[in-house]
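Undergrad: only geometry, no sequence info:
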Ligand SMILES: O=P(O)(O)OC[C@H]1O[C@H](OP(=O)(O)OP(=O)(O)O)[C@H](O)[C@@H]1O
Ligand SMILES: Nc1ncnc2[nH]cnc12
């Protein structure tokens with residue numbers, strides 16, 4: 001089988017998850033949406049069109065870098081490895097540029113994030129760099145027991161297990177605009193728990209950003225803010 005990775009800017013939640021789909025047994029193939037434009041329909045400014053073209057070209061090189069490992073970390077899971085992106089400075093730069101372009105194109109100046117919240121551990125690989133580029137603060141969501149001082153806690157289930165997330169109680173100030181970032185959305189359990197923590201602290205959740213979406217698991221249906229994923233994975237690589 002071949003792998004199709006696509007760009008996806010849809011901010012709306014998907015239909016309910018297909019309970020038979022797993023990372024190793026995704027549903028049957030569908031046309032490669034990579035070939036469809038990220039750009040909203042209708043007239044675009046020259047700058048927006050140039051940005052969209054640049055974004056499409058960046059995502060093509062990024063999707064080629066991903067690797068898959070069957071039966072990791074447990075039997076039946078097809079693990080999507082994003083680490084090669086960070087092993088190559090040019091891909092690393094492409095990733096940050098693509099995410100920065102998305103945010104600057106999608107959020108008007110007065111709606112830009114004040115805080116980027118990254119999820120342990122792989123959200124820490126690019127969350128702080130993206131925050132710096134956006135002129136925003138970076139705040140971590142960590143697994144339970146790692147953060148000092150008063151914390152808020154949320155339990156969640158993910159594709160291969162369950163866990164607890166925490167944020168420091170003063171990590172986000174009431175009314176701050178928050179963007180949650182992570183490498184992968186699978187079932188959406190981790191991201192939904194992070195979003196609930198942001199809201200418990202009084203933050204305004206303005207969106208989620210992921211590098212890769214396992215779209216057949218319909219994780220975005222669990223999220224109640226706009227979701228952006230650079231790439232989506234539908235099939236196992238041959
Ligand atoms: O959408 P979900 O089903 O919740 O799964 C996605 C989460 O799973 C992975 O993290 P993991 O908990 O394996 O932690 P790590 O980043 O520390 O390896 C991944 O980095 C996401 O955070
Ligand atoms: N299939 C998968 N590959 C990598 N990270 C994941 N997190 C949850 N599911 C995953």
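TA: Thanks, I have it. As the structure is a prediction and not an experimental result, all values here were calculated from the model. Numbering: from 1, shown residues only. Ligands and ions are numbered 1, 2, ... in the order given.
Undergrad: residues touching residue 61, list them.
TA: Applying CB atoms under 8 Å, 6 or more residues apart in numbering, one finds that residue 61 lies in contact with 91, 94. All C-beta spots, glycine's among them, are computed from the backbone N, C-alpha and C.
Undergrad: for the helix or strand harbouring it, buried residues please.
TA: Using DSSP states H and E, residue 61 maps to helix 46-65. In terms of neighbour count (16 or more other CB atoms under 10 Å), helix 46-65 has its buried residues at 51-52, 55-56, 58-59, 62-63, 65.
Undergrad: kindly report the same for stretch 123-134.
TA: 123-131, 134.
Undergrad: pick out the residue nearest the middle of this structure.
TA: residue 210 (1.2 Å; CA atoms, centre = their mean).
Undergrad: so after the strand or helix carrying that residue, what's the next helix or strand?
TA: Using DSSP H and E, residue 210 maps to strand 204-213. Next helix or strand after strand 204-213 toward the C-terminus (DSSP H and E): strand 227-232.
Undergrad: what's the neighbour count on residue 66?
TA: Residues near residue 66, counting by other CB atoms under 10 Å, number 19.
Undergrad: brain fart, residue 148
TA: With other CB under 10 Å as criterion, residue 148 counts 6.
Undergrad: helix or strand right after the lowest-mean-pLDDT helix or strand in the chain?
TA: When the helices and strands of the chain are scored by mean pLDDT, DSSP states H and E, helix 46-65 comes last with a mean of 84. Downstream of helix 46-65, the first helix or strand assigned by DSSP H and E is strand 67-70.
Undergrad: packing partners of that next one?
TA: strand 78-81 (3 or more CB pairs under 8 Å, 6 or more residues apart in numbering; DSSP states H and E).
Undergrad: is ligand 2 contacted by the helix or strand following the strand it packs on?
TA: Per DSSP H and E, the first helix or strand lying C-terminal to strand 78-81 is helix 83-87. No - judged by CB under 6 Å from any ligand atom, helix 83-87 and ligand 2 are separated, with a smallest distance of 10.4 Å.
Undergrad: which residues sit against helix 83-87?
TA: Helix 83-87 has contacts (CB under 8 Å, 6+ apart) with 62, 65-67, 91-92, 94-95, 125-126, 211.
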